[in-house]
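Chemist: Got a predicted structure here, sequence first:
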Amino acid sequence: AQSVAQPEDQVNVAEGNPLTVKCTYSVSGNPYLFWYVQYPNRGLQFLLKYITGDNLVKGSYGFEAEFNKSQTSFHLKKPSALVSDSALYFCAVRNSGGYQKVTFGTGTKLQVIP
Amino acid sequence: DGGITQSPKYLFRKEGQNVTLSCEQNLNHDAMYWYRQDPGQGLRLIYYSQIVNDFQKGDIAEGYSVSREKKESFPLTVTSAQKNPTAFYLCASSIDHEGVSYEQYFGPGTRLTVT
């Protein structure tokens, strides 16, 4: 069975500082990995994905994520946090073979402090 | 929220009543999904559909039913058999290229409260 772990329920960071939201996964075969963001009472918005290729993936709003196969991690990063980045972030994984359902993590609340 | 609409945004029902949540997409996506979101539990898959007139149960399908008569529409019915129906319900769709689905696009959600 595949799974996703987001070990931090909440991450606090000062505006202008770099931010990291952690994600580790477990899946058989090659993973497809995703990050989504959710603002209060809204649906999720896609940020970025890793399918294959470069381990460093760049996405929307200045976010990037690094795929580390040996550590089975896909941490979300941004060099300089904005107050508007405050939201709930979800990591998700699926197996690369054929149609497979996506498994979401439980989410990490990011609070950027002015 | 892209080209996916969910209605209504808030829905209130009495216990024992069935209720249908609407989901429409104009993205021409083949695959559509229904998730339930509860605090601290992430998203849990209720049903998904890869093509018209076909759908599969997800992890928590008991007490729910769906239909997929049109590519654009994937309504979810929460029946009286669902023991804890109060939740935030999210519909999503994705491109299905040669049997492989990638990122999902989500609607704005429907918050259902059953009393």
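Modeler: Right, received. Where do you want to start?

Chemist: okay, CA-based contacts and neighbour counts for the rest of this
Modeler: Will do.

Chemist: How much space separates the most centrally placed residue in chain B from B:Val66?
Modeler: Closest to where the C-alpha atoms of chain B average out (CA atoms, centre = their mean) is B:Trp34, at 2.6 Å. Computed as CA to CA, to the nearest Å, the B:Trp34 to B:Val66 distance reads 9 Å.

Chemist: B:Phe74 now?
Modeler: 7 Å.

Chemist: Show me which of these two is the more surrounded one.
Modeler: Neighbours were tallied for B:Phe74 and for B:Val66 using other CA atoms under 10 Å in any protein chain shown; the higher tally belongs to B:Phe74 (27 against 22).

Chemist: Just list whatever residues bridge to the residue lying closest to A:Gly29 once chain neighbours are set aside.
Modeler: Excluding the flanking residues, the one nearest A:Gly29 by CA to CA, 6 or more residues apart in numbering or on different chains is A:Asn95, at 6.4 Å. Judged by DSSP bridges, the bridge partners of A:Asn95 are A:Pro31.

Chemist: and A:Asn95, what does it touch?
Modeler: By CA atoms under 8 Å, 6 or more residues apart in numbering or on different chains, the contact list for A:Asn95 reads A:Val27, A:Ser28, A:Gly29, A:Asn30, A:Pro31, A:Tyr32, A:Lys101.

Chemist: Looking at these, state which has the most neighbours.
Modeler: Result: A:Pro31 is most packed of these (other CA under 10 Å), 22 neighbours.

Chemist: follow-up on the earlier one: dump the contacts of A:Asn95 to CSV, plus pLDDT.
Modeler: Below are the contacts of A:Asn95 laid out as CSV (pLDDT from 0 to 100):
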residue, pLDDT
A:Val27, 89
A:Ser28, 85
A:Gly29, 85
A:Asn30, 87
A:Pro31, 90
A:Tyr32, 92
A:Lys101, 80
